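A.B. asks: The sequence and its predicted three-dimensional model are supplied below.
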Amino acid sequence: MNNTDILELKKRLKKENSITRINAAYVIGMEKKIQTTVDCYFSDLEESEQFKYLELIKKGFSGVLGKNLQTLSFVREEGEENAKAMMSLLALRDSELKDENMLNAFYESIIETYVSLTNYLIVIIHDAYDVEVMGADHVLQGESEETYSYIYCIICPVNLCKPGLCYNEDENTIAAIKRDWVVEAPEVGFLYPAFNNRSTDVNELMYYCKNPKENHPELIEKVLGCGEVASMDEEKEVFHQIVEEVINDTKEYDTFELVRNINDCLTKMEEQTVSAEPLTIDKNGLREVMRESGVKEEHLEVFDSHFDEEAGEDTVFKVGNLREKKNMTMKTDDLKIMVKPESADLVEVRILDGRKYIVIPMNSDMEINGIMKRIVEKMSEE
């Protein structure tokens, strides 16, 4: 799924569009048991409850594509036409959440698998969206050729609210807050089937995780039956390892200059690409980036070897996961310098009197720990 597809579905999440059904199970985490459930048409909820549920559901459509939001494919055993998990989700979707046995089996699969130290609420909705035809001018035509029927599930932690004081209007007193169990923003969620290019794709789903470093692989593998996609941090770590090994093996490149050049190449690639899909790059593409960044032809075989070893020959990276968008950082045991990528060409590494130095031109006033030093002296040529 791309950003356009995600945004279209998120915009639909309004009270007037009336989600078909909503089901929920409140789980006591440590005991792995369901305390209470919700099972009704969405329109049967109180209006205030509808808005609160919609707020939670929308959170599951937020974040960065490729980081918080990922498109996952089902793992298929050799000789099997469809994965078992996919067929179960498809049956749950087709039941429109009206089959109690299917719902209970779905809840139990999560409860037995999901790792959580807190209580949590499983919320699942069903909706049917008449997808309007979009013309070549990207204007909706007002008629539909497909109904996109889907389920969306989120898992929200439930914790006691913080202690404190409040004003009790009935008794006109200041008193301690009554601590209740509060449903918080979702940790994970998934949409099935995927909404790819404004159409149903039963072979994929969209997965949401609030914290990409804690994406609950046990849920992805055992409940959803999908292959896990490397996170942004994992892709960047593997890429850094490849570049680091190339630099250390060849030993004739200035590290800062080469890293800066690589980041510049990746940034230009992404800026020059107009697409709703995340830009990806394979081994050959990165090989060309290394060449353009200054790696000599005779050293590209070193890159090939380390790429195959660290990532695997067929691995494809997302360019946005590799390039540094905020600051390039130089660190030693004694100092740390952060430079915006667009200003990285100001930094030079020079050898003076036999020692290597980082040289940064002073083109503007300087602030140190909040104290401003105005540059007014004229520097001598020396």
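C.D. replies: Good, I have the coordinates.
A.B. asks: how about the helix or strand encompassing residue 189 as CSV, C-alpha atoms only?
C.D. replies: Here residue 189 is covered by strand 188-192, with elements defined by DSSP states H and E. Output in CSV follows, covering the C-alpha atoms of strand 188-192 (Å, rounded to 0.1, in the frame of the first residue of the first chain):
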residue,chain,number,x,y,z
VAL,A,188,-0.1,-2.6,16.9
GLY,A,189,-2.8,-3.1,14.3
PHE,A,190,-3.5,-4.6,10.9
LEU,A,191,-5.8,-4.1,7.9
TYR,A,192,-6.9,-7.0,5.8
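A.B. asks: Adjacent strands (with direction) for that strand?
C.D. replies: According to DSSP bridges, strand 188-192 forms sheet pairs with strand 140-160 (antiparallel), strand 204-209 (antiparallel).
A.B. asks: List of residues touching it?
C.D. replies: Residues from elsewhere that reach strand 188-192 (CB atoms under 8 Å, 6 or more residues apart in numbering): 9, 60, 89-90, 93, 150-155, 205-210, 215-216, 219, 224. All C-beta atoms are positioned from the backbone trio N, CA, C, and that covers glycine.
A.B. asks: Buried among these? Need that as a selection in PyMOL.
C.D. replies: Here is the PyMOL command that selects the buried residues among the contacts of strand 188-192 (16 or more other CB atoms under 10 Å):
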select buried, resi 9+60+89+93+150+151+152+153+154+155+205+206+207+208+209+210+215+216+219+224
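A.B. asks: Can you name every helix or strand that the helix or strand where residue 174 lies contacts?
C.D. replies: Element membership of residue 174, judged by DSSP H and E, is strand 173-176. Where contact means 3 or more CB pairs under 8 Å, 6 or more residues apart in numbering; DSSP states H and E, strand 173-176 is packed against strand 165-168.
A.B. asks: now what about the strand it packs on, what contacts it?
C.D. replies: Strand 165-168 is touched from outside by 173-177, with contacts defined as CB under 8 Å, 6+ apart.
A.B. asks: As JSON lines, the residues you listed with pLDDT and neighbour count would be great.
C.D. replies: Below are the contacts of strand 165-168 laid out as JSON lines (pLDDT from 0 to 100; neighbours: other CB atoms under 10 Å):
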{"residue": "173", "pLDDT": "92", "neighbour count": "9"}
{"residue": "174", "pLDDT": "93", "neighbour count": "9"}
{"residue": "175", "pLDDT": "87", "neighbour count": "10"}
{"residue": "176", "pLDDT": "89", "neighbour count": "10"}
{"residue": "177", "pLDDT": "86", "neighbour count": "12"}
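A.B. asks: Let me know the closest of these to residue 75.
C.D. replies: residue 177 (47.1 Å; CB to CB).
A.B. asks: From residue 163, how far off is the closest one?
C.D. replies: The gap separating residue 177 from residue 163 is 6 Å, by CB to CB, to the nearest Å.
A.B. asks: ok, and what's touching the helix or strand following the strand holding residue 174?
C.D. replies: Toward the C-terminus, strand 173-176 is succeeded by strand 181-183 as the next helix or strand (DSSP H and E). With CB under 8 Å, 6+ apart as the test, strand 181-183 has contacts from 56, 119, 121, 156-161.
A.B. asks: now do 7 Å
C.D. replies: 56, 119, 121, 156, 158-161 (CB atoms under 7 Å, 6 or more residues apart in numbering).
A.B. asks: got it, and stretch 295-315?
C.D. replies: Stretch 295-315 is contacted from outside by 238, 241-242, 245-246, 249-250, 283, 286-287, 290-291, using CB under 7 Å, 6+ apart.
A.B. asks: In it, which residues have enough neighbours to count as buried?
C.D. replies: So stretch 295-315, judged by 16+ other CB under 10 Å, has buried residues 295, 299, 302-304, 306-307, 310-311, 315.
A.B. asks: Same question for stretch 111-122.
C.D. replies: 111, 114, 116, 118-122.
A.B. asks: With stretch 42-61 instead?
C.D. replies: 42, 45, 50, 53-54, 56-61.
A.B. asks: what stretches of the stretch 251-382 of the chain score poorly on pLDDT?
C.D. replies: Residue ranges of the stretch 251-382 of the chain with pLDDT under 70: 275-277, 344, 363-364, 373-382.
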